[in-house]
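> Using only what follows, build the 3D model:
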Amino acid sequence: MMYQSFFGLQEAPFSLTPDTRYFYPCPSSQAALNVLLVALASGEGFVKVVGDVGTGKTMLCRQILDLLGDSFMLAYLPNPLLSPPELYRAIGMEWGLPWPTTTGLQEYLLSLTQHLEQAARQGKKAALLVDEAQSLPTETLEALRLLTNLETQRHKVIQVALFAQPELERRLLTTQGRALHQRITFSYTLAGLQREDVPPYLHHRLRTAGWQGESLFSHAALAEMAQASRGIPRLINIITHKALMSAYGEGSKEIHRRHVMLAVADTEAAGPSLPWWQLAWLGLRGGWRQAMAPSPLPLHQP
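Down below sits the predicted model:
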């Protein structure tokens, strides 16, 4: 990013890529992580984490992959828009089982079952993490439920963690989803950041990216960020990235409220704290594009 060297950063601190180095254990994220760890350690059925768009479900899923990678046999499905055969094939390939060319689905399921049972005998727990689970077709949800019927005399041989938007909960309350709904033993609803969590969240990401200074944001900028983003981490990242660009364009080493307001005005999903007519009066809507494209010789350059 053009502003990285200006602010003394080694990398982009507000990328939307779910890099677990940037995981921030705010109360909601930490509670969700604890629920997942307890649920998977218990070895029973399904666990579900539901959160609105941008609240950090994928980051949480990646954090679980990092934490349990050595003690579990894990499979990760980032795109679950699959038919039942495609689901079984994707799971098997995660565990190194090639799709057969001469046998059918039932034989492949038998091979998958034997693989899971062998892992269980060796004391290895198997877990499937399904991101964007609200996109699972109805027949694939049922195939997933049937897969968890596999068990030894003592416990299930596979557990499933679903990471989903709230649409999944509505589907589970229907006639087609109630059988799976009864299998869910642990559940958690992931919330956004509270107002007091926003400053340490920003500080954590900046420090991880190499920031060495004190607070980069004014108090007014932080208040504006918390209100406009509604505490949604993805929106905070988008707005902060644009605010940094705006400050860079002015040659400012501190992020002020006006920089955040410029970013909010250009972010459709954000909620500005001022009415549109006041934003227009302040010249923010027209000024943002200009601030994003500084002159060839910005103020902070000699």
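
> so how many other residues sit close to S71?
The number of residues packed near S71 is 12, by other CB atoms under 10 Å. Placement of C-beta: from N, CA and C, glycine included.

> dump the residue contacts of it.
By CB atoms under 8 Å, 6 or more residues apart in numbering, the contact set of S71 is K125.

> Look up how far I64 lies from it.
S71 is 11 Å from I64, where distance means CB to CB, to the nearest Å.

> For the stretch 151-300 of the chain, just list every one of the helices.
167-172, 178-181, 198-208, 219-229, 233-250, 257-265, 276-282, 284-292 (DSSP state H, counting those that start in this stretch).

> Deepest-packed of these, please.
Comparing the helices of the stretch 151-300 of the chain by mean neighbour count (mean count of other CB atoms under 10 Å), helix 257-265 comes out on top with a mean of 26.

> quick one on the thing from earlier: CSV for the helices of the stretch 151-300 of the chain, including mean pLDDT?
Putting these into CSV (pLDDT from 0 to 100) gives the following:
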stretch, mean pLDDT
helix 167-172, 93
helix 178-181, 90
helix 198-208, 96
helix 219-229, 95
helix 233-250, 95
helix 257-265, 93
helix 276-282, 49
helix 284-292, 44
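
> Of the ones you listed, which is nearest F6?
Counting by CB to CB, F6 lies closest to helix 233-250 out of the helices of the stretch 151-300 of the chain; the figure is 5.3 Å.

> Between helix 219-229 and the closest one, find me the angle.
When axes from the mean of the first three to the mean of the last three CA atoms, to 10 degrees is applied, the directions of helix 233-250 and helix 219-229 differ by 140 degrees.

> change the start of the numbering to 341 and stick with it
With 341 as the first residue, the last one maps to helix 573-590.

> L373: which of the helices of the stretch 491-640 of the chain is closest?
With CB to CB as the measure, helix 573-590 is the member of those nearest L373 (14.4 Å).

> what angle sits between that closest one and helix 597-605?
Orientation check (the same axes, to 10 degrees): helix 573-590 against helix 597-605 gives 130 degrees.

> How far away from the center of its chain is helix 573-590?
Per CA atoms, centre = their mean, to the nearest Å, the displacement of helix 573-590 from the mean C-alpha position of its chain is 19 Å.

> go on, stretch 538-558?
Offset of stretch 538-558 from its chain centre (CA atoms, centre = their mean): 20 Å.

> List phi and psi for K388.
The phi/psi pair for K388 (degrees, to the nearest 10) reads phi -130, psi 130.

> Hmm, Q505 and it touching each other?
No: in this structure, K388 is not within contact of Q505 by CB atoms under 8 Å, at 11.5 Å.

> Compare these two and say which is more crowded by neighbours.
Higher neighbour count among K388 and Q505: K388, with 26 against 16, using other CB under 10 Å.

> quick one: contacts for that one?
Counting by CB under 8 Å, 6+ apart, K388 makes contact with A473, A501, L502, A504, L508, I524, F526, S527, Y528.

> on that earlier part again, want to throw the helices of the stretch 491-640 of the chain into TSV with distance to P438?
As requested, these are exported to TSV (distance: least, CB to CB, whole Å):
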stretch	distance to P438
helix 507-512	31
helix 518-521	29
helix 538-548	39
helix 559-569	45
helix 573-590	37
helix 597-605	48
helix 616-622	57
helix 624-632	49
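
> So which of the ones you listed is nearest A415?
A415 lies closest to helix 518-521 among the helices of the stretch 491-640 of the chain, at 18.1 Å (CB to CB).

> Contacts for the closest one next, please.
Residues from elsewhere that reach helix 518-521 (CB under 8 Å, 6+ apart): F386, L481, E482, L484, R485, L512, L513.

> out of those, who has the most neighbours?
Counting neighbours by other CB under 10 Å, L484 comes out on top of these with 26 neighbours.

> correct me, but that residue touches L427?
Yes: taking CB under 8 Å as the definition, L484 is a contact partner of L427 at 6.7 Å.

> what's the domain layout of this structure?
For the chain, automatic domain parsing gives the domain ranges 367-530, 535-632.
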